[in-house]
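1. let me see the structure of the following:
(chains A and B)
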Amino acid sequence: MTSRNLSPLLITFLFFAACEPPVEDDFNEYVFVESYLIADRPLDEVRINTTTSTNEVFNFFDAAITDANVQVVLLDENGEDEAVFEYVPSEREGIYLPVLPLHLVIPKRTYRLDVDFNNRQEVITAVTTVPDQIEISREIPDTLIYQAYERLEINLSPHQKVHDQNVYVLSAIALQPYIDNLTPFYRSIINDDEQDDQISDFSVNSTGLINEGNFIENEDGTITFRFPWLGVAFFEGNLIVANLIDSNLHDIARSQQAQLGGDVTFTPGEIHNLIYNMDGGIGIFGSMSTDTVQTYFQRPD
Amino acid sequence: MHIRKMHSKQSRFTNPLMRKSSLFFIILFGFQFSVFAQEKASINGYVTNHHTGETLMMAHISLLEIERGTSSNRSGYYTLTNLEPGTYTLQASFIGFHSYQAEITLDPGENLRLNIDLVPADIQMDALVVEADENREELRNIGMAQITPQFIQDIPAVIEPDLFRSVQLLPGVKAASDFSSGLYVRGGSPDQTLILLDETPIYNPSHFFGFFSIFNPDIVKDARLYKGGYPAQYGGRIGSILSIYSKDGNRMENQGSVSVGLLASRLSFEGPFTDGSWSVAMRRSTLEPVLSVLRESVSNVPDQFFFYDINAKLNIDSSENNRYSFSVYSGYDRVSLPFQEDAQIGLRYGNRKLSGRWQRIFTDNLFGSFSLTGSYYFNEPNLEIAGTPFQRINEIYDFSLKGDIEYQPNEENTLSTGFWVGSLSLRLLDRLDNTYTLNSSILSQYFSSYIQHDWQPHRKLAFNIGLRMNTFSEGDYLRIEPRASAEFRLSQRFRIQAAYGRYNQFLTLITNEAFSGFDVWLTTDEGVPPAYGDQFVMGLKTLPFSGYGFDVEVYYRTMRNLFELDPFAGNTTGLDYQDLFRFGEGYAYGAEFFFEKQMGNLTGFIGYTFGITERKFPGFNQPVLDSPAQGRFYPPKYDRTHDANLVFNYRFTSRWSLGAVFNYATGQAYTEPQGRTQLSGPPWDRGFLDVFIIEKLNSSRLPSYHRLDMSLSRKGSFFGIGDAEWQLQVINVYSRRNIWFYNYDFDQNPVKRQDITLLPVIPSIAYTLNF
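-> Model prediction:
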């Protein structure tokens, strides 16, 4: 093969190689809104901030928006406004609180969040339908031996479905979150440099999303879920919390999990946006119902 | 030159049943052919390697005086019919073999059985060029490429010579990374390439999580890649076909081979028996000593980490007209790794394959091949953390009966028909904490059939027209696929080709390009219709100088109704089967250039591909503020706009040779996160959750990829026992730190980016002994 044969192809190849411009996206600022409604509890705060470039340090209070007009509206069956709950800025920038916090969030009802601004163009709305209230209906053992045959079983009383399917999250909140109380697996993944932060993170340990299909249906209409040992990060006293979440929370939780690499079907380097059910901005206006019990995880002999 | 002639005469159509069969096919196809005059004669037989008795596919056979030619089919069988009685000079040629010439005399009505043995040439000398040019022309059907065992052995390879790594060097074929042997052909993902080993589908063709393929180079006789626009004879995938044929085994003498490498070793034996041949080949990783040393100083070293594969084949040449073959493959990968306290991950996966084949020469112009195949794929990852087990089982059982019949009534027409009927059982089972979270079991019957007509009305013009029908019982799907191709020969050295085809696919593969060990197959079902696409291909095939070839192909293909597991599906428990999927579309187009030199001491090629491919799924890559149901097209990670390969092998002497492979490719697509914010934490959790904002998916590009691999080989003798070869290789000679992907540390504020690089410089040495 002579160099004369090679030259035209090499020149072509180098030409194309030189012609590859790097394609980069620019950073665009968006308004991010975050608020949760919990059934039978008072209206909670609304947090509003702008997004920042990934090249900059993110700090909520630096990015907070302080001039927003915020209201939450209870809708009737026809989607018309039934009651309006005004919000005002709190002492903490970017955080808005209801003027009248006495309203208790009504299960199975739909609420709308309205946000606009004095100095911005965005008009943001989002709606959520609050799940039915749930109740842990059966007594749980006072004490369970960690990884023993007898497991913690959460039994939920019958409740209605207001979304396509009921999706739950169970959490264990450690009452004595000390390093010596960590179960062996969690103890082994504690990094000494970040010990305090990690212990704080593990002190509320969640199962992730659980579909109703994961529950066992009982003849009396109740459903039962066996709490996995992986959900227990600390020995000794724990609050066990059952949450039934709405579709907005379901969407943002499953997409956030996928964004940070929780889904192995994404190829390395492929990152997706979250699923926001919000018009005019991004964020979450979600709702849930919840119930809590307490137990004690004893170390095995 | 060694010439062997075997004459056997038999009158045509002596068997009434066969006569009826021929008549049936003529009626079936609805074509009118001239009736054979009694005085016409014919020649047919098998073309084989003189030293081993292996049949040779696509050898060129011609009668020089009348310029009639044909090529041997996939079984090595050729036939020339409708010949005037008389004396001819028959010539047969095949690349790397000495040309065969014989004078033959045909009597009126004679059907001459002439099996041809071709003698391998030690060095591809210039004297062979003319014959090889003819042969190479046959090998250059549109969209097709051939991969020979010699090519696989000659190029530098990581760990092992590898078929897929060799295929990845061809224009139009891309690799996802240094760690992946997956084939990305013309913008398609690996599941869009049907991989056949002796006509049997193989579902996971990789060892070591995809690092290299399961095909032991010692058993590969020939491999054909149909990159696109392939004829009706094939189906089942919307992209391409890779058909691999294993060696029959030496029909002349017992032979063996041992190859010892640093990470894997091979052993093979083959030989004749009374009416045929046999072969056995084994390969196993030999990592255990390395792992044992590592355990002394490094934590989290696997308890088990190995693979093996075994191939065996038995051929029975029971009579002149009947040949039988039985082949078995079994491959297994196993890894078990403890990590942290109270945690263990394990994976076992592999393929089993069993097939039997009957080749029958019914008459001089009617050839049939029938296969009974069974294929089993299993993939079983398991993970146990803190007393909570997770298990997955993905299994496929595929049993089928396949038949192909080829009828050549005259020099202008060849008719082919065939069927493929089978039963596919697919199971996907997930268990979390000993409770089923997914339990999908699908049993489907499938049936495919085709008719295909090769018509050459003029020496310069050839057509291939076909129709394929596919049915899949789960979901009651029936799909018809028209196929057509045409070729115009401007001269003996220039050919223009065009092809079109509609293709359907009833399976999809869930994989993440990085590691193929966790691959999961899923099928169509009710509510999950098959993917389909159209392919348009045009080509120019030239032989500009004697011993050189230059090809150009352009293609455009659509991909519709692509069904993939929805990555946002989250917890899939209780979901209907169709809710597991997302449905999208895609397209690809490109141009491929291939310049090769196959003769002389310096052989090799330069391949260049310009290619674009994009996909779109609702809810993915949508504008940030738009409806979640929208979606925009985006390039998958494996998209490379420019891809060039330079491959050469220089033989200094009969003992010493130098090989080199240089690859340049556009950097792969990746997603650059632009913005960030935080969730203060959903009420069930503690701590902030980071959220990142993407403007466009995969709109950024990694730095360009380039790598040079070299090998130096020395052939010799092992104490007179047999031939031996030392091979010294250096992978990534100048240690280019190509980027695999960027890993973003989202826990850092601001976000920190880390380069995850591909292979560094790797020297290796291998020793092969043939006895």
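
2. CA only for contacts and neighbour counts going forward, please
-> Noted.

3. neighbours around the residue in the stretch 101-250 of chain A that chain B sits nearest to, how many?
-> The stretch 101-250 of chain A approaches chain B most closely through A:Gly213 (4.4 Å), counting by CA to the nearest CA. A:Gly213: 20 surrounding residues under other CA atoms under 10 Å in any protein chain shown.

4. so the closest residue to it other than its chain neighbours, which of the three states?
-> Counting by CA to CA, 6 or more residues apart in numbering or on different chains, the nearest residue to A:Gly213 once its immediate chain neighbours are dropped is B:Gly574, at 4.4 Å. Classification of B:Gly574 by DSSP: H, G, I helix; E, B strand; the rest coil places it in coil.

5. one step back: tell me if I'm right that the residue of the stretch 101-250 of chain A closest to chain B and B:Thr573 touch.
-> Yes. Counting by CA atoms under 8 Å, B:Thr573 is a contact partner of A:Gly213 at 5.3 Å.

6. now for the two: what residues contact both?
-> Common neighbours of A:Gly213 and B:Thr573, using CA atoms under 8 Å, 6 or more residues apart in numbering or on different chains, are B:Thr437.

7. pretty sure A:Gln198 sits in a helix.
-> Yes. Applying three-state DSSP, one finds A:Gln198 inside a helix.

8. A:Met288: what's it in contact with?
-> The neighbourhood of A:Met288, defined by CA under 8 Å, 6+ apart, consists of A:Tyr36, A:Leu37, A:Ile38, A:Ala39, A:Val130, A:Pro131, A:Asn243, A:Leu244, A:Ile245, A:Asp246.

9. which ones are touching B:Ile694?
-> Applying CA under 8 Å, 6+ apart, we find B:Ile694 in contact with A:Ile271, A:His272, A:Asn273, B:Val624, B:Thr671, B:Glu672, B:Pro673, B:Gln674, B:Gly675.

10. how far away is it from B:Glu84?
-> B:Ile694 sits 73 Å away from B:Glu84, taking CA to CA, to the nearest Å as the criterion.

11. can you check B:Ser711 too?
-> With distances taken as CA to CA, B:Ser711 is found 53 Å from B:Glu84.

12. rewinding a little: now the contacts of B:Ile694 as TSV including pLDDT and neighbour count?
-> Conversion of those to TSV gives the following (pLDDT from 0 to 100; neighbours: other CA atoms under 10 Å in any protein chain shown):
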residue	pLDDT	neighbour count
A:Ile271	89	23
A:His272	89	28
A:Asn273	91	25
B:Val624	88	20
B:Thr671	93	24
B:Glu672	92	25
B:Pro673	91	26
B:Gln674	91	21
B:Gly675	93	23
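
13. just the closest of those residues to B:Ile612, please.
-> The nearest member of the contacts of B:Ile694 to B:Ile612, counting by CA to CA, is B:Thr671 at 17.3 Å.

14. nearest residue to the closest one other than its sequence neighbours?
-> Of all residues not flanking B:Thr671 in the chain, B:Asn698 sits nearest, at 4.2 Å (CA to CA, 6+ apart).

15. pLDDT score assigned to residue 252?
-> With no chain named, the answer covers chain A. For A:Ile252, the pLDDT comes out at 92.

16. wrong one, chain B
-> B:Met252 is given a pLDDT of 90.

17. wait, what's in contact with the residue lying closest to A:Pro177 once chain neighbours are set aside?
-> Leaving aside its sequence neighbours, A:Pro177 sits nearest to A:Ser203 (CA to CA, 6+ apart; 5.7 Å). A:Ser203 is in contact with A:Ala172, A:Ile173, A:Ala174, A:Leu175, A:Pro177, A:Ala233, A:Phe234, B:Arg686, counting by CA under 8 Å, 6+ apart.

18. in three-state terms, label the second one for me.
-> The reference is to A:Ile173. Going by three-state DSSP: A:Ile173 is strand.

19. show me what it is bridged to.
-> A:Val204, A:Leu239 (DSSP bridges).

20. which residues does it contact?
-> With contact taken as CA under 8 Å, 6+ apart, A:Ile173 is in contact with A:Ser203, A:Val204, A:Asn205, A:Asn238, A:Leu239, A:Ile240, A:Val241.

21. which single one of these is nearest to B:Tyr329?
-> Lowest distance from B:Tyr329 to these (CA to CA) belongs to A:Asn205, with 46.9 Å.

22. pretty sure B:Phe149 contacts B:Arg224?
-> Residue B:149: Pro, not Phe. No. Contact status for B:Pro149 versus B:Arg224: not in contact, 11.6 Å apart, counting by CA under 8 Å.

23. farthest-separated two in the contacts of A:Ser203?
-> Spatially, the most separated pair among those is A:Phe234 and B:Arg686, at 14.9 Å (CA to CA).

24. circling back: in JSON lines: the contacts of A:Ile173, plus pLDDT and distance to A:Ser137.
-> Converted to JSON lines, those look like this (pLDDT from 0 to 100; distance: CA to CA, whole Å):
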{"residue": "A:Ser203", "pLDDT": "92", "distance to A:Ser137": "25"}
{"residue": "A:Val204", "pLDDT": "92", "distance to A:Ser137": "22"}
{"residue": "A:Asn205", "pLDDT": "91", "distance to A:Ser137": "22"}
{"residue": "A:Asn238", "pLDDT": "96", "distance to A:Ser137": "18"}
{"residue": "A:Leu239", "pLDDT": "95", "distance to A:Ser137": "15"}
{"residue": "A:Ile240", "pLDDT": "95", "distance to A:Ser137": "13"}
{"residue": "A:Val241", "pLDDT": "95", "distance to A:Ser137": "13"}
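
25. narrow those to just the buried residues.
-> Among the contacts of A:Ile173, those that count as buried by neighbour count (16 or more other CA atoms under 10 Å in any protein chain shown) are A:Ser203, A:Val204, A:Asn205, A:Asn238, A:Leu239, A:Ile240, A:Val241.

26. ok, back up a step: just the ones of the contacts of A:Met288 in strands?
-> If you go by DSSP state E, the contacts of A:Met288 have A:Tyr36, A:Leu37, A:Ile38, A:Asn243, A:Leu244, A:Ile245 in strands.

27. for the last one, give me its contacts.
-> By CA under 8 Å, 6+ apart, the contact set of A:Ile245 is A:Pro131, A:Asn166, A:Val167, A:Tyr168, A:Val169, A:Gly286, A:Ser287, A:Met288, A:Ser289.

28. please state the offset of stretch B:214-230 from the chain centre?
-> 4 Å (CA atoms, centre = their mean, to the nearest Å).

29. for stretch B:566-576, same thing?
-> From the chain centre to the centre of stretch B:566-576 is a distance of 33 Å (CA atoms, centre = their mean).

30. give the buried residues for it.
-> Going by neighbour count (16+ other CA under 10 Å), the buried part of stretch B:566-576 is B:Asp566, B:Pro567, B:Phe568, B:Ala569, B:Gly570, B:Asn571, B:Thr572, B:Thr573, B:Gly574, B:Leu575.

31. got the contact list for the fifth one?
-> This means B:Gly570. A:Leu209, A:Arg254, A:Ser255.

32. how close does B:Glu596 get to A:Tyr178?
-> With CA to CA as the criterion, B:Glu596 and A:Tyr178 are 69 Å apart.
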